[in-house]
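Novice: After the sequence you'll find the predicted model.
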Amino acid sequence: MIGHIHSLESFGTVDGPGVRFVAFMQGCPLRCMYCHNPDTWDPKGTCQYEMTPQQLVDEALRYRSFIKNGGVTVSGGEPLMQAEFVREYFRLCHKEGLHTALDTSGAFCTEDALRVLDETDLVLLDVKTMDTELYPKLTGIKQDNNLAFLDKLEERGIRTWIRHVVVPGVTDDDNWLIRLGEHVGRYKCVEKIEILPYHTLGTYKYKKMGMRYRLDGVPALSLERAVEIRNMLSKFKPCQ
């Protein structure tokens, strides 16, 4: 079993609790307007690493002293495109006493994808928008599985952090932000909501790849607006 891995980060601090070893998997079915990793989209695209689950664990263990109070995170791309690999990797990580976190869009709600949850301690679920008409315009796919995946997390009682990227003029809408808070607020499995301010740091990749960046000219979300949104949603769940 070989995993196709776009890149690795040995000292991640924003993809789950504590310091984490992060593997960014190659391949994603979404085409989010604001994606800063378009080079991960193509499952057959150039990846830096091709590893077995054990080889990836061995790499993570090189940083055990740093991640002992954090753990490992699998992100992407969309890691559940390689669900069997991720499940085995997490299983081996658990044997080593490492905490496991899955950063996903919830685009896959198949049996193979759900089996990964058997070995997952925390899910970082990216809810792109609560506007069902905007969702396909924003991502290129329907929202069918995104919220259904959250239902599965609730059924299994898996710790969940909701993530939401706020883009000025696109997803920055008080009505839909409150709708997000109301929806996820009723789930016991959801511990908090993470507001991720839109930024433009990945735009250079589009130019490099000869691709048009659809949000060209849209400014980054201001710190003041991010704070305002976090305060607004904190009545539903802890928000950061």
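Specialist: Nice, I can see it.
Novice: Without its sequence neighbours, what residue ends up closest to Arg156?
Specialist: Leu117 (5.8 Å; CB to CB, 6 or more residues apart in numbering). For glycine as for every other residue, the C-beta is placed from the backbone atoms N, C-alpha and C.
Novice: Where in this protein is the helix or strand with the lowest mean pLDDT?
Specialist: Lowest on mean pLDDT, DSSP states H and E among the helices and strands of the chain sits helix 203-208, with a mean of 89.
Novice: circling back to that earlier point, the residue nearest to Arg156: neighbour count?
Specialist: Neighbourhood size, Leu117 [other CB atoms under 10 Å]: 19.
Novice: pLDDT value on it, please?
Specialist: As predicted, Leu117 sits at a pLDDT of 98.
Novice: Kindly provide the distance from it to Leu134.
Specialist: To Leu134, Leu117 is 28 Å away according to CB to CB, to the nearest Å.
Novice: and what of Ser105?
Specialist: If you go by CB to CB, the gap between Ser105 and Leu134 works out to 15 Å.
Novice: In terms of neighbours, single out the busier of these two.
Specialist: Per other CB under 10 Å, whichever of Ser105 and Leu134 has more neighbours is Ser105, with 24 against 16.
Novice: distance of that one from Leu147?
Specialist: Going from Ser105 to Leu147 by CB to CB gives 11 Å.
Novice: wait, what's in contact with the residue nearest the centre of the chain?
Specialist: Centroid-nearest residue in the chain: Asp103, 3.3 Å away (criterion: CA atoms, centre = their mean). By CB atoms under 8 Å, 6 or more residues apart in numbering, the residues touching Asp103 are 15-16, 73-76, 79, 124, 126, 163.
Novice: Kindly recompute the last result at 10 Å.
Specialist: Contacts here follow CB atoms under 10 Å, 6 or more residues apart in numbering; on that basis Asp103 touches 15-16, 22, 24-25, 73-79, 122-126, 161, 163.
Novice: cool, Phe236 as well?
Specialist: Contacts of Phe236 by CB under 10 Å, 6+ apart are 162, 178, 180-186, 190, 192-193.
Novice: Now, those residues that are in helices?
Specialist: Mapping these onto helices (DSSP state H) picks out 178, 180-185.
Novice: got those as TSV, with neighbour count and distance to Arg64 columns?
Specialist: Output for the ones in helices among the contacts of Phe236, formatted as TSV (neighbours: other CB atoms under 10 Å; distance: CB to CB, whole Å):
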residue	neighbour count	distance to Arg64
Ile178	15	42
Leu180	22	37
Gly181	21	38
Glu182	13	41
His183	16	38
Val184	23	34
Gly185	14	37
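Novice: Quick check: neighbours shared by Ser105 and Leu147?
Specialist: Common contacts of Ser105 and Leu147 (CB under 10 Å, 6+ apart): 125, 127.
Novice: Going along the chain, name the strands of this protein.
Specialist: 3-12, 20-25, 49-51, 71-75, 100-104, 122-126, 159-166, 190-197 (DSSP state E).
Novice: For the third one, enumerate the helices and strands it packs against.
Specialist: When you say that, I think you mean strand 49-51. Using 3 or more CB pairs under 10 Å, 6 or more residues apart in numbering; DSSP states H and E, the elements in contact with strand 49-51 are strand 3-12, strand 20-25, helix 53-61.
Novice: in its sheet, what does it sit against?
Specialist: Applying DSSP bridges to the sheet, strand 49-51 is found paired with strand 3-12 (antiparallel).
Novice: Now do the buried residues in the partner strand.
Specialist: 3-8, 12 (16 or more other CB atoms under 10 Å).
Novice: So what's the residue count around Thr110?
Specialist: 10.
Novice: list the contacts for the residue nearest to it when sequence neighbours are not counted?
Specialist: Using CB to CB, 6+ apart and skipping the chain neighbours, the partner closest in space to Thr110 is Ala83 (7.5 Å). Applying CB under 10 Å, 6+ apart, we find Ala83 in contact with 102, 104, 108, 110-117.
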